[in-house]
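Let's see this in three dimensions:
(one chain, ligands or ions: 1)
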Amino acid sequence: MSTQRFKRFYLDWRSLAEKTLATEVENPGGRKRYDGIALTGMGGSGIIGDVIHVLAFEFSDVPTVVVKDFSLPKYVKDGWLVLAISYSGNTKETLSTVYEALSRGCDVAGVSSGGKLAEIAREKGLTYLQVEGGRVPRASMPALLVGALRVLKAKGMDFPLPSPEGLAKLGNVGEAEALAENIVEGLAGRIPVFLSDVRHYPLAVRAKNEFNENAKIPAKVEVLPEWGHNDIVGWEKWLGPFTAIVLELGEGDKLMRFAADYLREVNVPVKELVMSDSMPYVDRVLWYSLVLGLASLKLAEIRGVDPGVTESISKYKAFLKSWSPALKES
Ligand code: PA5
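Okay, here's the model as predicted:
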């Protein structure tokens, strides 16, 4: 698929989010209180777990854990909610956590566009939301995020949804394309390193994944303040073909500005993406995911690669068909 055709899956994010806000949550209702929430999923679906995990710092009084694996930690048991997110509904790791959660007596909920996850949810009467199909997972981010937040709401947890202003912003595709253009300028032939603070690590990971999958290049993520205790040293004496992309919150972000200044001092090319600090977190994550996603598509175009095809992921998934640790069907 050409980049131009694939891009349409990003340019309609506003309507995709709005459609998901109007989609019915099947079998709502849950316990009065959970002991914790496990968020399971991989890749373009798994990133939603990271966003909710950060939101939980502010909006949840129970712990959350992000699981990107075949099995759940031992402490996830009866009393926990396990929310599985898989665009296809067929991802082996995610389904494996669903079977395990059911066998441990957890409350299980799901978001997918169909697949086995939809089948299990309907057969067992789980709380579930079906997002629009026919797209690719990473380009369905607003649907997966809004879907997951609505399922959590239906389970009694009050996480914020995108605001009307945030939804309208997603429609400003010209502005998003201009910001994306700035990010990509001079990036061809280089390896991006996305730096963020802890609160924005989902955006940095999301950006890395987008550049991997859409532009077919390796990329790196570093998170502050941990970066200042190890990775910072790695730049002292050796320079590879890296460009640092520093995600900063507003003009007064001293921590991230320190990283940008330091990297410039040691001659690393630096780009600063100064994010609006007046947007609520969910709006900000969606908007800058759109910007960074469009940037990865621009790089795909420059490199002449097809952003919509991920042959190596298909190869890995084919391998998993014959190798599945801990896949317990209940
Ligand atoms: O964006 C992608 O295509 C991948 O990262 C997928 O999200 C990942 O392979 C998991 O698949 P799914 O989202 O269908 O569970």
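
C-alpha from now on. contacts and neighbour counts both.
Will do.

how far away is Val7 from Ile120?
One thing to correct before we go on: residue 7 is Lys, not Val. Distance of Lys7 to Ile120, given as CA to CA, to the nearest Å: 32 Å.

Nearest residue to Val221 in space, please, no chain neighbours.
Leaving aside its sequence neighbours, Val221 sits nearest to Phe194 (CA to CA, 6 or more residues apart in numbering; 4.8 Å).

Wait, that neighbour touches Arg206, no?
No - counting by CA atoms under 8 Å, Phe194 stays clear of Arg206, with 9.7 Å between them.

residues near Trp78, how many?
Let me fix one detail, which is that residue 78 is Asp and not Trp. A total of 16 residues lie near Asp78 under the criterion other CA atoms under 10 Å.

residues touching it, list them.
Contact analysis of Asp78 by CA atoms under 8 Å, 6 or more residues apart in numbering lists Arg104, Gly105, Cys106, Asp107.

tell me which element the nearest residue to the first one once chain neighbours are set aside is part of?
Translated: Arg104. In space, and not counting its chain neighbours, Arg104 is closest to Lys77: 5.5 Å by CA to CA, 6+ apart. Lys77 is part of no helix or strand, with elements assigned from DSSP states H and E.

So what's the residue count around Lys77?
When counting by other CA under 10 Å, one arrives at 21 neighbours for Lys77.

Helix, strand or coil: sort out Thr243 for me.
strand (DSSP: H, G, I helix; E, B strand; the rest coil).

What does the pLDDT read for it?
Note on Thr243: pLDDT of 97.

That one touches Val270, doesn't it?
Yes - between Thr243 and Val270 there is a contact under CA under 8 Å: 5.8 Å.

chain center to the helix or strand where Phe319 lies: distance?
Assessed by DSSP H and E, Phe319 sits inside helix 311-322. Relative to the chain's own centre, helix 311-322 is displaced by 21 Å; criterion: CA atoms, centre = their mean, to the nearest Å.

Need the CA coordinates for that helix. CSV is fine.
What follows is helix 311-322, C-alpha atoms only, in CSV (Å, rounded to 0.1, in the frame of the first residue of the first chain):
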residue,chain,number,x,y,z
GLU,A,311,6.7,-8.8,7.1
SER,A,312,8.9,-9.6,10.1
ILE,A,313,6.0,-9.3,12.6
SER,A,314,4.1,-11.8,10.4
LYS,A,315,7.2,-14.0,10.5
TYR,A,316,7.3,-13.8,14.3
LYS,A,317,3.6,-14.5,14.6
ALA,A,318,4.0,-17.6,12.3
PHE,A,319,6.8,-18.8,14.6
LEU,A,320,4.5,-18.4,17.6
LYS,A,321,2.0,-20.7,16.0
SER,A,322,4.4,-23.6,16.7
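
what's next to that helix, contact-wise?
Lys92.

all helices for the protein, in order.
Taking DSSP state H as the test, the helices found in the chain are 3-11, 13-21, 43-59, 92-103, 115-124, 141-154, 164-170, 173-184, 201-215, 231-234, 254-265, 281-303, 311-322.

Quick one: work out the angle between the fourth one and helix 311-322.
In other words, helix 92-103. Relative orientation of helix 92-103 versus helix 311-322 (axes from the mean of the first three to the mean of the last three CA atoms, to 10 degrees): 40 degrees.

Was I right to think the residue nearest to Arg104 contacts Ser103?
No - using CA under 8 Å, Lys77 is not in contact with Ser103, being 9.2 Å away.

ok so, going back, pLDDT (mean, whole number) over the helix holding Phe319?
For helix 311-322, mean pLDDT is 92.

Is stretch 83-96 positioned near the ligand?
Yes - using CA under 6 Å from any ligand atom, stretch 83-96 comes into contact with the ligand via Ser86, Tyr87, Ser88, Gly89, Thr91.

How about the residues of this protein by the ligand?
Met42, Gly43, Gly44, Ser45, Ser86, Tyr87, Ser88, Gly89, Thr91, Val136, Pro137, Arg138.

mind redoing it with 8 Å?
Neighbours of the ligand within the chain, by CA under 8 Å from any ligand atom: 41-46, 85-91, 94, 112, 136-139, 209-210, 213, 310, 313, 317.

sorry, back to before: okay, now the residue nearest to Val221: neighbour count?
Residues lying near Phe194 (other CA under 10 Å) number 24.

Tell me what it is bridged to.
Here Phe194 sits in beta bridges with Val221, Ile245, going by DSSP bridges.

Tell me the confidence at it?
Looking at Phe194, its pLDDT stands at 98.

check contacts around it.
So Phe194 contacts Ala204, Val205, Ala207, Lys208, Ala219, Lys220, Val221, Glu222, Ala244, Ile245, Val246, Leu247 (CA under 8 Å, 6+ apart).

before we move on, back to that, among the residues of stretch 83-96 next to the ligand, which pair sits farthest apart?
Greatest spatial distance in the residues of stretch 83-96 next to the ligand: Tyr87 and Thr91, 8.5 Å, computed using CA to CA.
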